[in-house]
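[1] Please find the sequence and the predicted model below.
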Amino acid sequence: MKKTFKKLLSVALASTMVVGLAGCGNSATTNGGSDSTADKSGKTYTIGICQLVQHEALDAATDGFKKALKDKLGDKVKFDEQNAAGDAPTGSTICTSFVTNNYDLILGNATAALQAAVSSTDSIPVLGTSVTDYGTALDISDWNGVTGKNVSGTTDLAPLDQQAKCIKELFPDAKNIGIIYCSSEPNSIYQSTTITKYLEDEGYKIKEYTFADSNDVASVTKSACDASDVIYIPTDNTAASCTEAINNVAGPAKTPIFAGEEGIAKGCGVATLSISYYDLGYETGEMAYDILVNGADITKMEVKAAPKFTKEYIADRADDLKVTVPDDYEKLSTK
């Protein structure tokens, strides 16, 4: 990525968030929120949470983050939880208000939300979660796991080489793999580029199908289904918010989908190799506690990866599509 950070924010963030997720979007919500008050003996911490959009994975990460801090701090922590609903000005305004209120820490949930938070302050600690690649998100070309500034967090990047192997064991006779994602999400671009190499090594022909926003999801999915034996969807926020629209096309077309995470798998997929976003958020909350209470230096904190990845499948869809699922896959409920 050779764009400047500001250009990445103005183009990637604006385009990503403007998806607006018409028919898939959500309104912002607020839980608590006030200026931090405290002294060293009984400090109450106030944390601003900017979540890009509402969908199962991001919701779980936010819940895990809050639970970790509540477990450790009880009523000594308050949250100002805001959902940007896919809107760029809203996301920027949210993070600016957190800085104006001098909150103790900001959580950016998803890549574009992290970018908005980082753009708003160079002094308040910023943690990210549900972020695929921090080097791409922050335009750091020599990424080594540490930002060297007021930013750290957790990554939801799955082992893409292992996801490619999962696709091979589930669909050994397939020839053409279509990858669908939002063209303005840098996290998805990174995953598509990376897994393409692994899938080609497995003998597949790969073609990308991208949508600009939620309005294009159905038509792009149809194009992909018409030309693909299997579809792969990375951890794409627009796709995650519009799984019903995708399933309404892929289901009747009998085109199986391998998803980058379990929320998308539940909505429209057959299988996934996924993390627990709740656990990822919880780990991020523990990092926040370490910064706020133990005085950990965020500039030296390594970005942490999910500790566990699980092979999961949707039994009804697998049966319907006559997909033979190996015994090491766990059944995933869609409820």
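    Done, it's in.

[2] what pLDDT, on average, does stretch 267-280 get?
    Stretch 267-280 shows a mean pLDDT of 96 in the predicted model.

[3] Can you give the distance of it from its chain's centre?
    Put simply, stretch 267-280 sits 11 Å off its chain's centre (CA atoms, centre = their mean, to the nearest Å).

[4] Can you list the buried residues in that stretch?
    For stretch 267-280, burial by neighbour count (16 or more other CB atoms under 10 Å) applies to 267-280. The way it works is simple: take the backbone N, C-alpha and C, and place the C-beta from them, glycine included.

[5] Just the CA atoms of that stretch, as PDB, please.
    Extracted in PDB, the C-alpha atoms of stretch 267-280 (Å, rounded to 0.1, in the frame of the first residue of the first chain):
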ATOM      1  CA  GLY A 267     -26.000 -16.300   6.800                       C
ATOM      2  CA  CYS A 268     -25.100 -17.800   3.400                       C
ATOM      3  CA  GLY A 269     -22.300 -20.200   3.600                       C
ATOM      4  CA  VAL A 270     -21.700 -24.000   3.700                       C
ATOM      5  CA  ALA A 271     -18.500 -23.900   5.800                       C
ATOM      6  CA  THR A 272     -15.800 -21.800   7.300                       C
ATOM      7  CA  LEU A 273     -12.500 -21.800   9.200                       C
ATOM      8  CA  SER A 274     -13.200 -19.100  11.700                       C
ATOM      9  CA  ILE A 275     -12.300 -17.500  14.900                       C
ATOM     10  CA  SER A 276     -14.500 -16.500  17.800                       C
ATOM     11  CA  TYR A 277     -15.100 -12.800  17.500                       C
ATOM     12  CA  TYR A 278     -16.300 -12.700  21.100                       C
ATOM     13  CA  ASP A 279     -13.000 -14.100  22.300                       C
ATOM     14  CA  LEU A 280     -11.100 -11.700  20.000                       C
END
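
[6] how about the helices in the stretch 101-250 of the chain?
    With DSSP state H, counting those that start in this stretch as the definition, the stretch 101-250 of the chain shows helices at residue ranges 111-120, 134-137, 160-170, 186-201, 217-227, 237-241, 243-253.

[7] Pretty sure Gly178 sits against Lys207.
    Yes: Gly178 is within contact range of Lys207, at 5.6 Å (criterion: CB atoms under 8 Å).

[8] This protein: strands as residue ranges?
    Under the criterion DSSP state E, the chain carries strands at the ranges 45-51, 77-83, 105-109, 126-131, 151-155, 176-182, 205-211, 230-233, 257-259, 271-274, 304-305, 310-313, 330-331.

[9] Check which helices and strands the third one sits against.
    Translated: strand 105-109. strand 45-51, helix 56-73, helix 88-100, helix 111-120, strand 126-131, helix 277-292 (3 or more CB pairs under 8 Å, 6 or more residues apart in numbering; DSSP states H and E).

[10] Select, out of the helices of the stretch 101-250 of the chain, the one closest to Gly295.
    helix 111-120 (21.0 Å; CB to CB).

[11] In contact with Lys138, which residues?
    For the record, residue 138 is Leu, not Lys. By CB atoms under 8 Å, 6 or more residues apart in numbering, the residues touching Leu138 are Phe5, Leu114, Gln115, Val118, Thr147, Val151.

[12] any chance of those residues in a markdown table, with neighbour count, distance to Gly128 and pLDDT too?
    Below are the contacts of Leu138 laid out as a markdown table (neighbours: other CB atoms under 10 Å; distance: CB to CB, whole Å; pLDDT from 0 to 100):
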| residue | neighbour count | distance to Gly128 | pLDDT |
| --- | --- | --- | --- |
| Phe5 | 15 | 14 | 38 |
| Leu114 | 29 | 4 | 95 |
| Gln115 | 30 | 9 | 95 |
| Val118 | 22 | 8 | 96 |
| Thr147 | 23 | 10 | 97 |
| Val151 | 26 | 7 | 98 |
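
[13] quick check, nearest of those to Asp216?
    Gln115 (22.7 Å).

[14] can you tell me which of the strands of the chain comes nearest to Asp59?
    Using CB to CB, those put strand 45-51 closest to Asp59, at 7.8 Å.

[15] Any idea which of the helices of the stretch 101-250 of the chain gets closest to Leu52?
    Proximity to Leu52, assessed across the helices of the stretch 101-250 of the chain by CB to CB, is greatest for helix 111-120 (4.4 Å).

[16] That closest one - contacts with which helices or strands?
    helix 5-8, helix 14-18, strand 45-51, helix 88-100, strand 105-109, strand 126-131, helix 134-137, strand 151-155.
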